[in-house]
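**Student:** Structure, please.
(2 chains)
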Amino acid sequence: MDTAIRQNRPRHGLLTFRRLYLDLALIGAGIAAFFLFPDSLGFLTRVLIMIIMVLSLDLVLGYAGIATLGHAALFGSGAYAAGLFAVNFSADPLLGLAVGAVAGAVIAFVSGLILLRAQSLTLLMLSIAVAQILQEIASKERAITGGSDGLLGISMEPIFGIYAFDFVGQTGYWYALTVLTAVFVLLKIIVASPFGLAARGIHESAERMRAIGTPVYWRLVAIYTLAGGVAGIGGALSAQVTELVSLDALGFSLSAEALIMLILGGLGRLYGAIFGTVIFMTIHHLAASVDPFNWLFVIGALVLIVVYFLPEGFIGLPARARKLMRWSP
Amino acid sequence: MKKLLRTLAAAGTIVLAFAGSAAADHTVKVGVIAPFSGPFAIWGKQFKNAVEVYVAQNGKKAGTHTVEFIYKDSGGPNPSGTKSLAQELIVRDKVDYLGGFVFTPNALSVAPLIQKAKVPTVIFNAATSIIVKKSDYFVRPSFSLWQVTVPMAEWAWKQGIKTAVIAVTDYGPGNDAEVAFRTTFEKLGGKVLDAIRMPLSTTDFGPFMQRIKDKNPNAVFVFLPAGPPSFAFVKSYNENGMKAQGIQFLGTGEMDETTLDALGDAALGLTTAYHYSGAHDSDKNRAFLKTLEEISPGAAANLASVGAYDGAHVLYQMIKAVGSDRTKAVAAVKGMAWESPRGPVSLDPDTRHIIQNVYIRRVAKDENGKLINQEFDIIRKAVPDLGLPN
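**Tutor:** Numbering: from 1, shown residues only, chains lettered A, B, ... in the order given. Coordinates of the predicted model:
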């Protein structure tokens, strides 16, 4: 983690945007993907949405060191809120996105008040419990949420009243890419700000941060709330693009998968969240289309290999490669 | 292809006829979305086996068209994943038809998609009544919960059962089953003494048994997911002497053929109402079982098998009638009647849901000592989906 901090050490002003070339390349890749794989936009859109979810998890786990296995609680709250808003009030996508963000943030704030008093394993268990409770509520309140049938009747209006959602998924893709870019830029600024630094400081040593006068608990609540908003945006996007929300949006497997993607990519760097998600989901997708019956073996092997040989995740690959080159005579 | 056809159609009838003949013997693709991995993989396996049985019996050609099935893994309930799989099947693989679907949310997630893309979609399982209303392109040759639960209540009343306790697993289908049974049973004049909702994850039914025994009803109506909860409930039912006390067991899908053997003798005599028994007495079913045994030795035929087999039949009939001209496919099979391994069935022209007999069965042993669901009564023939308010 030391190297991570040194490499990502924020400086001042415009230097927030160091690695601008990488950011531009990523956005370029997002645009290129649209033209390269015009037949897989549904899948690509899911990747973009998942990246938002994993970025949010990275903020919580990678930066602030809050161990959670209940991140789906925030994603799902955003999804249900945006879905219900679309069904009952307004089908405007951008308003729905805002509602999803607020819902995610509110749930994160309220649950965070309790969760963040605990540490390590207790925190982990509590985070699972929060997601389970929310899932149970969504399951019981069938009249409102549709229970296990899923929340029906979401039909989004065109974005800005112009761009209607089509079944090939073109609008959905541009929409998700734009939102992701905005979220990414925002997060980049935040993690490089003193606020982001404090989060990392708490991760490294909460005691020391307390000693220099940081209100550790409230910083953690703030960052958890922020991550809740981001995850809520992801959930809202998912609800709008799928036009259905079901209980799996609050499910344990979503939390666990997001965690695996983040670990694959590398904790504590926003790029890790992006690479991890893209690599995991692409391999998942390819393996499942080549052999829909046994693809899980491939995923299992991938996770094992990465954990053994690339403990920092894929993001550590260049550094490892450099080291190897240097060592070789 | 669709765009091409449309352009050709505009060009004039001669050209269209030409295109028709050109398309006459091309391959028609069908995308099948089902769980092939994870805890629900058995569903996908049953689907695939049954489709292969149908292909083995009827050949790869439907009329003049070669049919190709493309399988996609949806995992468990996962609407966003399912929708993007369907998108890809339609846009990239250029399938003309979809099939499969075990879970209700997954089926519902493709409704807006198939409505816009005009892709006929045959549901092999997903049993919530409302699904077929969500798109004109859904056809469902499986069953619905109301369809099998209402006849169960009617049969119970006819047997002189006047009081019942309802014990269902507390999740969507369980709650549906409770409402369906209660509504029917009370309308007939029966009395529901208690309704118990049991947690989905529990396998300890002791406390519930005591509650049921205390009420001393004529029967207990049960809805449980097949598998461990059903084993545990049946075991508990016997151990607590409910049978001896004269509390009859009434169920629907609990005695699933793939798990029946594991229940053992404890299951003997239990009564359920369902649309298909692996032991259905007909030549069609025997032929089905024979081919199934050849394709996958030791496999049992259950509701998933018959749903997929009839699904394949409906797909074949659509393809035979219209090929890739899929906008006319649903109209071509509305009202169609055929002989299924489950018995005579037809498609309701209004709801596009299957009309079928619901059989009353009890668990018995066949000549080889194997446990089967022996059908012994039909309470009502040609039952439509009773869960759709009209």
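**Student:** nearest residue to residue 220 other than its sequence neighbours?
**Tutor:** I'll assume chain A. Of all residues not flanking residue A:220 in the chain, residue A:116 sits nearest, at 4.6 Å (CB to CB, 6 or more residues apart in numbering or on different chains). For glycine as for every other residue, the C-beta is placed from the backbone atoms N, C-alpha and C.
**Student:** that's the other chain; I wanted chain B
**Tutor:** The shortest distance from residue B:220 to any non-neighbouring residue, by CB to CB, 6+ apart, is to residue B:165 (5.0 Å).
**Student:** And that neighbour, how close does it get to residue B:70?
**Tutor:** For residue B:165, the distance to residue B:70 equals 47 Å [CB to CB, to the nearest Å].
**Student:** So which of those two has more stuff around it?
**Tutor:** residue B:165 (23 against 15; other CB atoms under 10 Å in any protein chain shown).
**Student:** Up against chain A, what does the stretch 151-300 of chain B have?
**Tutor:** By CB under 8 Å from any CB of the partner chain, the residues of the stretch 151-300 of chain B that approach chain A are B:171-173, B:175.
**Student:** so how many other residues sit close to the residue of the stretch 201-350 of chain B found nearest chain A?
**Tutor:** For the stretch 201-350 of chain B and chain A, the shortest gap (CB to the nearest CB) falls at residue B:201, measuring 11.0 Å. Residues lying near residue B:201 (other CB under 10 Å) number 9.
**Student:** next one: the one 5 residues further on
**Tutor:** The local packing of residue B:206 (other CB under 10 Å) involves 11 other residues.
**Student:** Wait, it touches residue B:237, no?
**Tutor:** No - with contact defined as CB atoms under 8 Å, residue B:206 does not count as touching residue B:237 (10.8 Å).
**Student:** those strands in chain A, which residues are they?
**Tutor:** Using DSSP state E, no strands are found in chain A.
**Student:** Give me every residue in it that's in contact range of chain B.
**Tutor:** A:38-43, A:45-46, A:49, A:139, A:142, A:147-150, A:152, A:155, A:166-169, A:238, A:241-248, A:253, A:288-289, A:292-296.
**Student:** Just the buried subset of those, please.
**Tutor:** Among the residues of chain A next to chain B, those scoring as buried are A:39-43, A:45-46, A:49, A:139, A:147-150, A:152, A:167-169, A:238, A:241-248, A:288-289, A:292, A:295-296 (criterion: 16 or more other CB atoms under 10 Å in any protein chain shown).
**Student:** Please narrow the residues of chain A next to chain B to those residing in helices.
**Tutor:** A:41-43, A:45-46, A:49, A:139, A:142, A:238, A:241-242, A:253, A:288-289, A:296 (DSSP state H).
**Student:** Tell me the one among these nearest to chain B.
**Tutor:** Distances from chain B to these, taken as CB to the nearest CB, are shortest for residue A:42 (3.3 Å).
**Student:** For the residue nearest to residue A:220, give me its contacts.
**Tutor:** Contacts for residue A:116 (CB atoms under 8 Å, 6 or more residues apart in numbering or on different chains) come out as A:66, A:123, A:217, A:220-221, A:224.
**Student:** Save those residues as TSV, and put in distance to residue A:179, neighbour count and pLDDT too.
**Tutor:** Shown next, in TSV, are the contacts of residue A:116 (distance: CB to CB, whole Å; neighbours: other CB atoms under 10 Å in any protein chain shown; pLDDT from 0 to 100):
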residue	distance to residue A:179	neighbour count	pLDDT
A:66	24	25	90
A:123	29	18	91
A:217	31	15	91
A:220	26	23	92
A:221	25	19	94
A:224	21	25	95
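**Student:** Quick one: mean pLDDT over stretch A:162-170.
**Tutor:** Taken as a whole, stretch A:162-170 has an average pLDDT of 84.
**Student:** For the stretch 1-150 of chain B, which segments count as helices?
**Tutor:** Using DSSP state H, counting those that start in this stretch, the helices found in the stretch 1-150 of chain B span residues B:2-11, B:13-22, B:41-58, B:79-91, B:104-109, B:111-117, B:145-158.
**Student:** Just name the most buried of those helices.
**Tutor:** Mean neighbours per residue, mean count of other CB atoms under 10 Å in any protein chain shown, is largest over the helices of the stretch 1-150 of chain B for helix B:104-109, with a mean of 30.
**Student:** chain center to it, what's the gap?
**Tutor:** Taking CA atoms, centre = their mean, to the nearest Å, one finds the center of helix B:104-109 at 14 Å from the center of the full chain.
**Student:** How about stretch B:352-367?
**Tutor:** Distance, centroid of stretch B:352-367 to centroid of chain: 12 Å (CA atoms, centre = their mean).
**Student:** Show me what counts as buried in it.
**Tutor:** Within stretch B:352-367, the residues scored as buried using 16+ other CB under 10 Å are B:352-364.
**Student:** Same check on stretch A:182-197?
**Tutor:** So for stretch A:182-197, counting by 16+ other CB under 10 Å, buried means A:183-184, A:187-188, A:190-192, A:196-197.
**Student:** In helices, which of those residues appear?
**Tutor:** If you go by DSSP H, the buried residues of stretch A:182-197 have A:183-184, A:187-188, A:190-192, A:196-197 in helices.
**Student:** residue ranges with poor pLDDT in the chain?
**Tutor:** Picking chain A for this. Flagging of chain A using pLDDT under 70 yields the residue ranges A:1-18, A:327-329.
**Student:** Hmm, no, I was thinking of chain B.
**Tutor:** In chain B, residues with pLDDT under 70: B:1-25, B:388-390.
**Student:** what angle separates the top helix by length along it from helix B:41-58?
**Tutor:** Longest helix in chain B, counting residues (DSSP H): helix B:303-322. Computed by axes from the mean of the first three to the mean of the last three CA atoms, to 10 degrees, the angle separating helix B:303-322 from helix B:41-58 equals 40 degrees.
**Student:** Quick one: distance of helix B:303-322 to the chain centre.
**Tutor:** 13 Å.
**Student:** cool, and stretch A:99-116?
**Tutor:** Put simply, stretch A:99-116 sits 15 Å off its chain's centre (CA atoms, centre = their mean).
**Student:** May I see the buried residues of that stretch?
**Tutor:** Those would be A:99-109, A:111-112, A:115-116, for stretch A:99-116 by 16+ other CB under 10 Å.
**Student:** cool, and stretch B:231-240?
**Tutor:** Neighbour-count burial for stretch B:231-240, counted by 16+ other CB under 10 Å, picks out B:231-238, B:240.
**Student:** Ok, stretch A:130-140 next?
**Tutor:** Neighbour-count burial for stretch A:130-140 flags A:130-132, A:134-135, A:138-139 (criterion: 16+ other CB under 10 Å).
**Student:** Turn those into TSV, including distance to residue B:55.
**Tutor:** As requested, the buried residues of stretch A:130-140 are exported to TSV (distance: CB to CB, whole Å):
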residue	distance to residue B:55
A:130	48
A:131	43
A:132	43
A:134	44
A:135	40
A:138	40
A:139	39
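**Student:** Which member of the residues you listed is positioned nearest chain B?
**Tutor:** So of the buried residues of stretch A:130-140, ranked by how close each gets to chain B (CB to the nearest CB), first place is residue A:139, at 6.8 Å.
**Student:** OK, contacts around that closest one?
**Tutor:** A:145, A:147-148, A:247, B:171-172.
**Student:** same deal with residue B:349?
**Tutor:** B:334-335 are the contacts of residue B:349 under CB under 8 Å, 6+ apart.
**Student:** Can you classify residue B:350 by secondary structure?
**Tutor:** State at residue B:350, reduced to three classes by DSSP: H, G, I helix; E, B strand; the rest coil: coil.
**Student:** burial count for it?
**Tutor:** Using other CB under 10 Å, residue B:350 is surrounded by 13 other residues.
**Student:** Could you measure from it over to residue A:239?
**Tutor:** For residue B:350 relative to residue A:239 (CB to CB), the value is 31 Å.
**Student:** I'm done for today, thanks for sticking with me.
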